[in-house]
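Student: no letters, just coordinates:
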């Protein structure tokens, strides 16, 4: 299963308390997320997983000069908030190095 770390100010702040945020597929469950995180980061033990479905935003769309304005919605996304019991994940290591340069 493909999990990607979510890079944002909120996730950076949560990483100080050993909570990391990942984007996961919509059909993923907590057990699958736990296995995927522990497989990708071998020195980490997962303590808790919280899943959240973020609803896609509705945006206004104009399709041409004579077409009526309409709306389109973005896809829903699923996020996993993973609390790490042992070890740490270096997601923001590259961002910190680029700020120092």
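Tutor: On my side now, so go ahead. Since the model is a prediction, treat every value here as computed from it, not as a measurement.
Student: isn't residue 60 up against residue 68?
Tutor: No - at 11.2 Å, residue 60 does not count as touching residue 68 under the criterion of Cβ atoms under 8 Å. For glycine as for every other residue, the C-beta is placed from the backbone atoms N, C-alpha and C.
Student: quick check: residue 47 vs residue 35, distance?
Tutor: Residue 47 sits 14 Å away from residue 35, going by Cβ to Cβ, to the nearest Å.
Student: contacting residues for residue 15?
Tutor: Going by Cβ atoms under 8 Å, 6 or more residues apart in numbering, residue 15 touches 89, 91, 92.
Student: got a quick ChimeraX command for the buried subset of the residues you listed?
Tutor: Of the contacts of residue 15, the buried ones can be selected in ChimeraX as follows, counting by 16 or more other Cβ atoms under 10 Å:
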select :89,91
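Student: could I get the contacts of residue 15 as JSON lines with distance to residue 2?
Tutor: Below are the contacts of residue 15 laid out as JSON lines (distance: Cβ to Cβ, whole Å):
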{"residue": "89", "distance to residue 2": "16"}
{"residue": "91", "distance to residue 2": "15"}
{"residue": "92", "distance to residue 2": "20"}
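Student: list the buried residues for the longest helix anywhere in the chain?
Tutor: Taking DSSP state H as the assignment, the helix of the chain that covers the most residues is helix 30-40. Neighbour-count burial for helix 30-40 flags 32, 33, 34, 36, 37, 38 (criterion: 16+ other Cβ under 10 Å).
Student: ok, now stretch 80-92?
Tutor: For stretch 80-92, the buried set under the neighbour-count rule, 16+ other Cβ under 10 Å, comprises 80, 81, 82, 84, 89, 91.
Student: name all residues that make contact with the residue located most distally from the centre of the chain.
Tutor: Within the chain, residue 66 marks the point farthest from the mean C-alpha position, 39.4 Å out by Cα atoms, centre = their mean. For residue 66, no residue meets the contact criterion (Cβ under 8 Å, 6+ apart).
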